[in-house]
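In: Next comes the sequence, and after it the predicted model I'd like to discuss.
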Amino acid sequence: MSRVVRTLFVSIFLIALAIPCVSAQQAQGPGTTPTPQKMDKETKRKMKRTLKELDSAYRQWLSEDVTYIISPDERNAFLQLDTNEEREQFIEQFWLRRSSNPDLPENDFKEEHYRRIAYANEHYASGIPGWKTDRGRMYIMWGPADEVESHPTGGTYDRPMEEGGGSTTTYPWETWRWRYLEGIGENIILEFVDPSGSGEYRLTMDPSEKDALLHVPGAGLSLMESMGMASKTDRFTRADGTNLPRSMGGEPASMNEFSRLELYAKVNRPPEVKFKDLEAVVTSRIVRDQVHFNWRTDYLKVTNDTVLVPVTVQIPNSQLSFQAKEGIHSAVLNIFGRVSTLTGRVVQTFEDSVSRDFPDSLYQQSLKLQSIYQKAVPLRPGLYRLDLVIKDVQSGNIGVVNSRLQVPRFDDDKLDTSSLILADGNKLEHVPSKQIGTGQFVLGSTKVVPRLEADFTTAERLGIYMQIYNLKPDDKTHKSSATFQYTVKKGKDQVMQFKETSADMKQTGDQVTIERLLPLATLTPGKYSLEVIATDALSKQTILRTAEFTVRPPAETKTAANVAPGR
């Protein structure tokens, strides 16, 4: 669909959001913030019926994918639409209105939003999916905190004076601090407590909720209580929503009851939306098949209705046209990708200009290497068409791929896994906290660079990456229990096997991530297969994933050099 047509639909829906739902309607511009309208009973009944009758994909989008960021007016408008075509256009403009630059093919807000959901599911699950937890909700809505103070085992806690002073013992707890949140203010601090020890941290407005000795007489006394100037029972007669001991000093503004209530209300409200004008851009491309490259797609669950699809492209450097200048050989590629439905409707596009630069001393060696690039796009389960176009800027040569793209659906009621990715073992590593969920090859908190040809040498380590979903939690401990068996075969002969458990990996949520390095020094050159069997001890379900790889002598290494965005 052209940007002109898309802009037309966007304008229509922006106006629709600002129209009263009954009788006389007055059109407003797309930059006008919708004013809440009082709906009659019939409209409300119709919206309830619509919610029940929605196709599962749209219901899940509304109640899961965007439940934390959609405004009440947008939700009401969505539930008053009549056809799936209108809903598709609404969803498209929903993301466009939040993009920092709607003129770009990719939507930075949408990509970041689904990265946050994926990260929350991987790190905050505790008997329920991570996106449903309080920490997951705050992370999805406001992004990573600038500072996190974590006490995963609780322990001794010296209260600050504004909390009454003295020492006590706490449950597991965390504080998150943002220097600034738009629409809320500066120095925003939230506290999460896990009183059950199950890993499910609750957002709290009461700093005393982490006090494990709160209800133990004579234990964990404050300064005034230990000096006999106050009684511990006084904590339970406070009218400000806390059970804190009395403080010897004054109360800071942040501890004021109304300040805490206001902060709690603001952080639970969907982030503000800035309405943006859209400008139509129409482009056309003439493509020729002159650059040959490898590519692959992987699939990782984000929500029931959204799958993260990393699209990885690998090009031999020998196919690139390098230009020498001042001792540096440079090549520039333009990469364009488009995902569309079988009816031709474009659902996702991305474009990047990337470069490779090598000094004279490394140029000849670089021609034997590969350059690799990746773009992760969120998609709904279903059947699509994937178009990839790569252009060498220096020569004008172009390579094209047109392929069927089947995005799987991950059901909640059975054990399932992401793609099994065989990765470069030298680059399978955790990234700094500021890079979590962002950049090429970053899946959650891990950098995973696939080996598209699955070629390794005996001097290398094979990286294994896979996510396992829907592990059943124990009814009492809320923890899962799973076993993972790795088997390497050469033909039908088993040459290596080992096991590990979710407890060994210190991952006991409903989702577990395998990040394993397999040394290849003991293997002889040849072709092998890797089998990974995941067994859920509680649900008694088992799932098998396999991948093939080749081991070569060290002299035949085919190391891939990463392509980084150039401009």
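Out: Yep, it's here. Numbering: from 1, shown residues only.
In: Next one: the residue nearest to residue 333 when sequence neighbours are not counted relative to residue 390, how far apart?
Out: Closest residue to residue 333 apart from its sequence neighbours, by Cβ to Cβ, 6 or more residues apart in numbering: residue 354 at 5.2 Å. Just so you know, the C-beta spots here come from the backbone N, C-alpha and C atoms, and that holds for glycine as well. Note on residue 354: its distance to residue 390, by Cβ to Cβ, to the nearest Å, is 10 Å.
In: can you check residue 73 too?
Out: 43 Å.
In: Give the residue from the two that has the larger number of neighbours.
Out: Neighbour count, other Cβ atoms under 10 Å: between residue 73 and residue 390, residue 390 has more, with 25 against 16.
In: Roughly how far does the more buried one sit from residue 334?
Out: 7 Å.
In: low pLDDT regions in the protein?
Out: Residue ranges of the chain with pLDDT under 70: 1-39, 102-103, 105, 249-254, 273-289, 437, 555-567.
In: In space, not sequence, find me the middle residue of it.
Out: In the chain, the residue lying closest to the centroid (Cα atoms, centre = their mean) is residue 115, at 2.1 Å.
In: need the strands for the stretch 201-350 of the chain, in chain order.
Out: For the stretch 201-350 of the chain, applying DSSP state E, counting those that start in this stretch gives strands covering 202-204, 294-297, 300-303, 306-316, 323-325, 328-341, 346-359.
In: right, so of these, which gets closest to residue 529?
Out: strand 294-297 (17.4 Å; Cβ to Cβ).
In: can I assume the residue nearest to the centre of the chain sits in a helix?
Out: Yes. According to DSSP: H, G, I helix; E, B strand; the rest coil, residue 115 belongs to a helix.
In: Am I right that it is in contact with residue 435?
Out: No. With contact defined as Cβ atoms under 8 Å, residue 115 and residue 435 do not form a contacting pair (11.2 Å).
In: beta partners for the residue nearest to residue 333?
Out: residue 333, residue 565 (DSSP bridges).
In: before we move on, what about the one 5 residues further on?
Out: Beta bridges link residue 359 to residue 328 when assigned by DSSP bridges.
In: OK, contacts around it?
Out: 327, 328, 329 (Cβ atoms under 8 Å, 6 or more residues apart in numbering).
In: Now, of the residues you listed, which are buried?
Out: Among these, those buried by neighbour count (16 or more other Cβ atoms under 10 Å) are residue 329.
In: can you give me the strands for the stretch 51-200 of the chain?
Out: Counting by DSSP E, counting those that start in this stretch, the strands of the stretch 51-200 of the chain are 147-151, 155-158, 167-170, 173-181, 185-193.
In: ok, and which of the ones you listed has the densest surroundings?
Out: Highest mean neighbour count of the strands of the stretch 51-200 of the chain: strand 167-170, a mean of 18 (counted as mean count of other Cβ atoms under 10 Å).
In: tell me what it is packed against?
Out: If contacts are counted by 3 or more Cβ pairs under 8 Å, 6 or more residues apart in numbering; DSSP states H and E, strand 167-170 sits against strand 155-158.
In: chain center to the strand it packs on, what's the gap?
Out: 33 Å (Cα atoms, centre = their mean, to the nearest Å).
In: Residue 225 contacts residue 244, correct?
Out: No. Taking contacts as Cβ under 8 Å, residue 225 lies outside contact range of residue 244: 11.4 Å.
In: shared neighbours, these two?
Out: Common neighbours of residue 225 and residue 244 are listed as residue 164 (criterion: Cβ under 8 Å, 6+ apart).
In: Check the burial of the closest residue to residue 223 other than its chain neighbours by counting its neighbours.
Out: Leaving aside its sequence neighbours, residue 223 sits nearest to residue 165 (Cβ to Cβ, 6+ apart; 3.7 Å). Using other Cβ under 10 Å, residue 165 has 19 other residues around it.
In: ok, residue 165 - contacts?
Out: Contacts of residue 165 (Cβ under 8 Å, 6+ apart): 159, 222, 223, 224, 245, 247, 248.
In: Quick one, which of these are buried?
Out: 159, 222, 223, 224, 245, 247.
In: quick check, nearest of the residues you listed to residue 545?
Out: For the buried ones among the contacts of residue 165, the nearest to residue 545 is residue 159 (49.9 Å; Cβ to Cβ).
In: Identify the residues contacting that closest one.
Out: With Cβ under 8 Å, 6+ apart, residue 159 has these contacts: 165, 166, 167, 168, 222, 245.
In: How about residue 231?
Out: With Cβ under 8 Å, 6+ apart, residue 231 has these contacts: residue 225.
In: I'd like to know how far it sits from residue 240.
Out: 18 Å.
In: among the contacts of residue 165, which are in helices?
Out: When the contacts of residue 165 are checked against helices (DSSP state H), the matches are 223, 224.
In: Mind putting the contacts of residue 165 into a markdown table with distance to residue 312?
Out: Shown next, in a markdown table, are the contacts of residue 165 (distance: Cβ to Cβ, whole Å):
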| residue | distance to residue 312 |
| --- | --- |
| 159 | 51 |
| 222 | 57 |
| 223 | 59 |
| 224 | 62 |
| 245 | 57 |
| 247 | 57 |
| 248 | 61 |
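In: can you pull up the bridge partners for residue 390?
Out: Going by DSSP bridges, residue 390 forms beta bridges with residue 335, residue 399.
In: surely it meets residue 313?
Out: Yes. Between residue 390 and residue 313 a contact is recorded at 6.9 Å, counting by Cβ under 8 Å.
In: Report the set of residues contacting both of the two.
Out: 293, 335.
In: Comparing the strands of the stretch 201-350 of the chain, which comes out most buried?
Out: strand 300-303 (a mean of 24).
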